[in-house]
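S.K.: 3D model of this:
(2 chains)
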Amino acid sequence: MSKIFETKEGPLLRKVPKKVVAVDGISFSVPKGEIFGLLGPNGAGKTTTIKMLCTLITPTSGDAFVNGYSVARDEQKVRENLGVMLTGERTLYWKLTGRENLEYFAALYHLDPLDARKHIDELLDLVGLKQHEHMFVENYSTGMRIRLSFAKAILNDAPVLLFDEPTASLDPQSSRLIRDTIRGLKNQGHAVILTTHNMEEADLLSDRVAIIDRGSIVALGSPSELKEKVKINDVIEIEARNLSDRTVSAIETFSEVSKVAVTADPQSSEKGSLRIHAEKGKEVLPKILEFLVRKQVSVTKVSFIEPTLEDVFISETGRSLRD
Amino acid sequence: MRTISGYKATVGALTAIFWKGMKHYTRYPGSFVLILVMPFLFTLMIFGMGQFVGGSNASANFATRTGTTNILVYEILGSAVWMIGWVVVEDVGVALRDEQMKGTLEQNFLAPVNRFTLLIGLSLTDIAITSLVFVVVVGVTTIIMLPAAFLNLLQAFLILLVGLIPLFGIGFLFAGFVLKFKEPYIFTQILNLLFATLTGTYYPVTLLPYWVQFLSGALPQTYVIEDMRQIVLANQTLVSIYGSIFVLLVLALAYPTFGYAIFKYLEKKASVTGEFSKY
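M.R.: Residues are numbered from 1 along each chain as shown, chains lettered A, B, ... in the order given. Below is the predicted model:
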């Protein structure tokens, strides 16, 4: 399945057509009872993939099948078989109460009114909003809104569930609640696809992960399989100040080093961390440190770490997930 | 989880969309007051302009050209239909735009409810609102100015209900434009002002140049306004104006069919370019 957006850029009357490849021929299947993670940085094509799967965006080429129904030909059936949580808290009616929101969407999903009422009670209880069910959503906190969006996504008990960044901007307690519920849904036999740029979440939740970058899947497998692939190298993390692009490029030329990725510290423009994949890390580390000192880089912390999905991403793309 | 299907599912969805719309109306009451007051304000403005331009002969000139001396009821009927038309044409498109801005449009489009039901549901709220506008604005004015014609209002109301159907068709058309091009107010405001000029809102369409009357004849409000005036002010019945009602019924079939076809076409285009979530 692919998606190319055609846009026009430039000043009025001199606009130039431009094609942006958002998703480039990705293909995967998710069986019942599996949590499938789509992991990638912002702009990698995760949300476009989700939106194509749920019929909000028409693919430029290819097709996808949701519970056997084609997104290109059986849109209505696809929608009946999907529960979707899109990212953001503005996916609800703020001038309606939490319960009114769920009742409204229950009707749009053609749920039996009596069953829906009971189910809404259970869901409000599940996401901890029973006490606030009659409060307007505009008075909810961000976390409460996201929990209500989550409840809305599982309202129709669909066999296939799509969650786009389900725990973004949630506090740890709410995140845990959502993750535990997603695991429960998997155990009930739902096929779950979730997108995230949070590697810990992908690692914790997913049975399999597709790492997506610039619209393509660059790696696919279980988290342990993917991490195993990069275990042939040691992973060194160096936190430092005054790192320059030239210094990083120079480290990449060391024969023992296979990949280097830099992550800037969001709190400080000077600080950053280097993640280095190297054979025989213990042997090359003194050489790297000596080089950094010579380049007047002040090193604040050095550690050898277990490979994570971030390292899989670095190994495949040469960049950090948080670039 | 049990689901319902067929007419039960459609009625359930329509009811939910209707009540959601009504709750929004009552929780943002400002627009409600505006819709009720506007027909009176516009009528007063036209009345004042007529007196200013026509001077002491204004009433006589009006009677000669319209066949009635009851200026206020004549103008209020035109004004109310214009305002009701404005609400219906604008609200289906604006409601979608509003959903788009709120971020809820995609949530509605994710549900298996079909688009036609969704658009009709948005329109149902308008039917309730516009009926209320009709009862308050036209009803109150007629009771005060022309109590004998009050019972005729029921027939006039039936004309209005038939006249709403083609207006929803125009609303669907705009809803399509809104999905694809955004900026609904540019389309609806220009068009609604044009409607006031072309459909005999404040003067008979026969005063317009011949080729403009041809355009007027294609617009449902022209028939609604004229028929309602005939019923309320000239004591005509639904039977005696059957020719005009027939044209209105044809328009009631043509406009929604054409409007919905354009909506589906533009909706598909919007889904290709990923417009649903864009501001």
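
S.K.: Helix, strand, or coil at residue A:128?
M.R.: Classification of residue A:128 by DSSP: H, G, I helix; E, B strand; the rest coil places it in coil.

S.K.: Equivalent analysis for the one 3 residues further on, please.
M.R.: Reduced to three states with three-state DSSP, the structure at residue A:131 is helix.

S.K.: roughly how far apart are residue A:83 and chain B?
M.R.: Between residue A:83 and chain B the computed distance is 9 Å (C-beta to the nearest C-beta, to the nearest Å). (Glycine included, C-beta is placed from N, CA and C.)

S.K.: isn't there a strand covering that residue?
M.R.: Yes - assessed by three-state DSSP, residue A:83 belongs to a strand.

S.K.: tell me the contacts of it?
M.R.: A:153, A:154, A:155, A:156, A:157, A:158, A:160, A:161, A:162 (C-beta atoms under 8 Å, 6 or more residues apart in numbering or on different chains).

S.K.: The first one - how many residues pack around it?
M.R.: Counted with other C-beta atoms under 10 Å in any protein chain shown, the burial measure for residue A:153 works out to 24 neighbours.

S.K.: With the fourth one instead?
M.R.: Residue A:156 sits with 26 neighbouring residues when counted by other C-beta under 10 Å.

S.K.: And it, which helix or strand is it part of?
M.R.: Of the helices and strands defined by DSSP states H and E, none includes residue A:156.

S.K.: what sits against the residue nearest the centre of chain B?
M.R.: Centroid check for chain B by C-alpha atoms, centre = their mean gives residue B:85 as the closest residue, at 2.0 Å. Counting by C-beta under 8 Å, 6+ apart, residue B:85 touches B:167, B:192, B:195, B:199, B:221.

S.K.: Next to chain A, which bits of chain B? Give me the list.
M.R.: Proximity of chain B to chain A, by C-beta under 8 Å from any C-beta of the partner chain, involves residues B:1-5, B:9, B:12-13, B:15-17, B:20, B:23-24, B:27-28, B:102-104, B:106-114, B:268, B:271-274, B:276-277.

S.K.: Would you mind listing which of these are buried?
M.R.: Neighbour counting by 16 or more other C-beta atoms under 10 Å in any protein chain shown classes B:3-4, B:9, B:12-13, B:16-17, B:20, B:23-24, B:103-104, B:106-113, B:271, B:274, B:276-277 among these as buried.

S.K.: Which residue is the nearest non-sequential neighbour of residue 257?
M.R.: I went with chain A, as the question did not name one. residue A:278 (4.8 Å; C-beta to C-beta, 6 or more residues apart in numbering or on different chains).

S.K.: my bad, chain B
M.R.: Leaving aside its sequence neighbours, residue B:257 sits nearest to residue B:169 (C-beta to C-beta, 6+ apart; 7.3 Å).

S.K.: Alpha carbons only: can I get stretch B:230-244 in CSV?
M.R.: What follows is stretch B:230-244, C-alpha atoms only, in CSV (Å, rounded to 0.1, in the frame of the first residue of the first chain):
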residue,chain,number,x,y,z
GLN,B,230,-50.6,33.5,-1.9
ILE,B,231,-51.9,31.3,0.9
VAL,B,232,-51.6,33.8,3.8
LEU,B,233,-52.3,37.1,2.0
ALA,B,234,-54.5,36.1,-1.0
ASN,B,235,-56.5,33.3,0.6
GLN,B,236,-55.4,30.7,-2.0
THR,B,237,-55.3,27.0,-1.1
LEU,B,238,-52.8,24.2,-1.8
VAL,B,239,-55.1,23.0,-4.5
SER,B,240,-55.3,26.3,-6.3
ILE,B,241,-51.5,26.7,-6.5
TYR,B,242,-50.9,23.1,-7.5
GLY,B,243,-48.7,24.1,-10.6
SER,B,244,-46.2,25.9,-8.4
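
S.K.: Off-centre distance for that stretch?
M.R.: Distance, stretch centre to chain centre, for stretch B:230-244: 20 Å (C-alpha atoms, centre = their mean, to the nearest Å).

S.K.: In that stretch, which residues are buried?
M.R.: So stretch B:230-244, judged by 16+ other C-beta under 10 Å, has buried residues B:230, B:231, B:232, B:233, B:236, B:238, B:241, B:244.

S.K.: low pLDDT regions in chain B?
M.R.: B:184, B:277-279 (pLDDT under 70).

S.K.: What is the nearest of the buried residues of stretch B:230-244 to residue A:94?
M.R.: Residue A:94 has its nearest neighbour among these in residue B:232, at 42.3 Å by C-beta to C-beta.

S.K.: ok, how many other residues are close to the residue nearest to residue A:71 when sequence neighbours are not counted?
M.R.: Distances taken as C-beta to C-beta, 6+ apart place residue A:64 nearest to residue A:71, at 4.8 Å, with adjacent residues excluded. By the criterion of other C-beta under 10 Å, residue A:64 has 20 neighbours.

S.K.: Run through the residues that contact residue A:64.
M.R.: Counting by C-beta under 8 Å, 6+ apart, residue A:64 makes contact with A:1, A:52, A:53, A:70, A:71.

S.K.: Kindly report the same for residue A:55.
M.R.: A:71, A:75, A:78, A:79, B:109, B:110, B:271 are the contacts of residue A:55 under C-beta under 8 Å, 6+ apart.

S.K.: Please tell me how far it sits from residue B:27.
M.R.: Using C-beta to C-beta, to the nearest Å, one gets 31 Å for the distance from residue A:55 to residue B:27.

S.K.: Number of residues surrounding the residue nearest to residue B:251 when sequence neighbours are not counted?
M.R.: Distances taken as C-beta to C-beta, 6+ apart place residue B:166 nearest to residue B:251, at 4.2 Å, with adjacent residues excluded. For residue B:166, the neighbour count with other C-beta under 10 Å is 28.

S.K.: Sketch out the strands for the stretch 151-300 of chain A, chain order is fine.
M.R.: Along the stretch 151-300 of chain A, the segments classed as strands by DSSP state E, counting those that start in this stretch run A:160-164, A:191-196, A:208-213, A:216-221, A:234-241, A:257-264, A:271-278, A:298-305.

S.K.: ok, the shortest one: who's next to it in the sheet?
M.R.: Each strand paired with strand A:160-164, and its direction, by DSSP bridges: strand A:82-85 (parallel), strand A:191-196 (parallel).

S.K.: Could I get those strands in a markdown table, plus columns for mean pLDDT?
M.R.: Formatted as a markdown table, the strands paired with strand A:160-164 follow (pLDDT from 0 to 100):
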| stretch | mean pLDDT |
| --- | --- |
| strand A:82-85 | 95 |
| strand A:191-196 | 93 |
